[in-house]
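Participant: Show me the folded form of this:
(one chain, ligands or ions: 2)
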Amino acid sequence: APNIHVDYMQQALNLARKSPPKPTNYRVGALLIDGKTNTVLATGYTLECEGNTHAEQSCFIKLAKEHNVTEEQLGGILPKETVLYTTVEPCFKRLSGNLPCVQRILRLGKAIKTVYVGVKEPEKFVGENTGRKQLEDAGIEVVLVEGMEKEILEVATAGHVPER
Ligand SMILES: Nc1nc(=O)c(N)c(NC[C@H](O)[C@H](O)[C@H](O)COP(=O)(O)O)[nH]1
Ligand SMILES: [Zn+2]
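Facilitator: Ligands and ions are numbered 1, 2, ... in the order given. Now for the predicted structure:
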């Protein structure tokens, strides 16, 4: 039977393929979904929005612009059954020092109920990603959508110099 989570994760992966390859990040795709009506609220991919933006961050930036609010105010207008799909789990630390997406998700309050991820973040840039625990401690469910790890990582690391 077609799995709705795999369908959305495939959509997110197709978004990730639009991201310009870079050796210092991952090419990620993300979708914000209204879980009640099953409608797509926003899509995003790494570097879509100006500056050094992440896929999840691009979803928030675009949706905030659409509603004429700041990214910080987005929590007030998101449907309460909002779910986030992201091919790579939200970052908890960024080498650039920019605000990590786990913090961006947490400051939306209870707006995001569940985060569906395609893979855990590899340890290459920032070591073990402890973001999942921060989200769970805030009452946000983190669910791994299995079966697409290999193709998600291939896309995510396309800009990386092959390990010797
Ligand atoms: N979930 C997620 N979505 C993204 O769109 C993206 N690029 C990453 N990547 C995580 C990785 O840890 C950071 O890309 C590096 O730590 C470099 O940090 P910057 O991206 O330059 O801020 N992770
Ligand atoms: Zn991030």
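Participant: mind listing the strands for this protein?
Facilitator: With DSSP state E, the ranges of strands along the chain come out as 29-34, 39-45, 82-88, 112-119, 141-144.
Participant: Within its sheet, name the partner strands of the second one and how each one runs.
Facilitator: Looking back up the chat, that one is strand 39-45. strand 29-34 (antiparallel) (DSSP bridges).
Participant: quick one: the closest residue to residue 141 other than its chain neighbours from residue 159, how far?
Facilitator: Nearest residue to residue 141, sequence neighbours excluded (CB to CB, 6 or more residues apart in numbering): residue 114, at 4.3 Å. All C-beta spots, glycine's among them, are computed from the backbone N, C-alpha and C. Distance of residue 114 to residue 159, computed by CB to CB, to the nearest Å: 29 Å.
Participant: before we move on, the earlier item: export the strands of the chain to TSV and tack on mean pLDDT?
Facilitator: Conversion of the strands of the chain to TSV gives the following (pLDDT from 0 to 100):
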stretch	mean pLDDT
strand 29-34	98
strand 39-45	98
strand 82-88	98
strand 112-119	98
strand 141-144	98
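Participant: okay if I get those as CSV plus mean neighbour count and distance to ligand 1?
Facilitator: Listed next are these as CSV, based on neighbours: other CB atoms under 10 Å; distance: least, CB to the nearest ligand atom, whole Å:
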stretch, mean neighbour count, distance to ligand 1
strand 29-34, 25, 7
strand 39-45, 21, 7
strand 82-88, 29, 4
strand 112-119, 23, 8
strand 141-144, 14, 12
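Participant: since we're on residue 123, how many residues are nearby?
Facilitator: Residues near residue 123, counting by other CB atoms under 10 Å, number 9.
Participant: Equivalent analysis for residue 72, please.
Facilitator: When neighbours are counted by other CB under 10 Å, residue 72 registers 12.
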